[in-house]
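1. structure of the sequence below:
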Amino acid sequence: MKIYPGWRPAGRSLQVPDATATPSIQQKPFADLMRQKGEEVGQGELHKILEQIQLQGDRLAKSMTVRELRQYKLLLKRFLEETARKGVGMRDTRGWDRRGRTKRYKLLEEIDETLTAMADELLETEQGHIDILVRIGDIKGMLVNYFF
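-> Sure, this is the predicted structure:
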């Protein structure tokens, strides 16, 4: 039997590291980590869409073409859908009416106030462009009524 010279004997000269000397690492549950990363990605995406809306609004102010208008409407729609989906949640509750029968209520809860504040800010800053979109929508409705 051959004894390898790199091996040390396990005896008094062996030093065992103290378990209390190293700080314990607190690990987050996987679901919390995924939720946090999802929120970070979502916020970044919403800020990117907001910047695109402002740039498209400037382009629309310079050249009022149908293509620019359509692109602006699509960006606005996408932003508002994202904020509505992530910023507001629905909760079911049960209660009784005046006659004592059970009734089911659906309540909307504001989950993330920053998202809804961002949407309100967008609506305030882009109000002039949105008024133009409303007028164009009214004209489109009149044309549909005229032809049909």
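2. hey, where'd the helices end up in this protein?
-> Ranges of helices within the chain are 30-62, 66-87, 113-125, 127-147, based on DSSP state H.
3. to residue 93, which of the ones you listed lies closest?
-> Closest approach to residue 93 among those (CB to CB): helix 66-87, 20.1 Å. Placement of C-beta: from N, CA and C, glycine included.
4. next one: residue 31 relative to residue 140, how far apart?
-> Distance, residue 31 to residue 140, using CB to CB, to the nearest Å: 46 Å.
5. thinking again about what came up before, want to throw the helices of the chain into JSON lines with distance to residue 104, mean neighbour count and mean pLDDT?
-> What follows is the helices of the chain, written out as JSON lines (distance: least, CB to CB, whole Å; neighbours: other CB atoms under 10 Å; pLDDT from 0 to 100):
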{"stretch": "helix 30-62", "distance to residue 104": "28", "mean neighbour count": "13", "mean pLDDT": "80"}
{"stretch": "helix 66-87", "distance to residue 104": "22", "mean neighbour count": "15", "mean pLDDT": "80"}
{"stretch": "helix 113-125", "distance to residue 104": "25", "mean neighbour count": "14", "mean pLDDT": "73"}
{"stretch": "helix 127-147", "distance to residue 104": "35", "mean neighbour count": "11", "mean pLDDT": "73"}
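6. closest one to residue 100 among those?
-> helix 66-87 (35.5 Å).
7. name the residues that touch the closest one?
-> 42, 45-46, 49-50, 52-53, 56-57, 59-60, 110-113, 115-116, 118-119, 122, 126, 129-130, 132-133, 136 (CB atoms under 8 Å, 6 or more residues apart in numbering).
8. run the last query once more with 7 Å
-> With contact meaning CB atoms under 7 Å, 6 or more residues apart in numbering, helix 66-87 is reached by 42, 46, 49-50, 52-53, 56-57, 59-60, 110-112, 115-116, 118-119, 122, 129, 133, 136.
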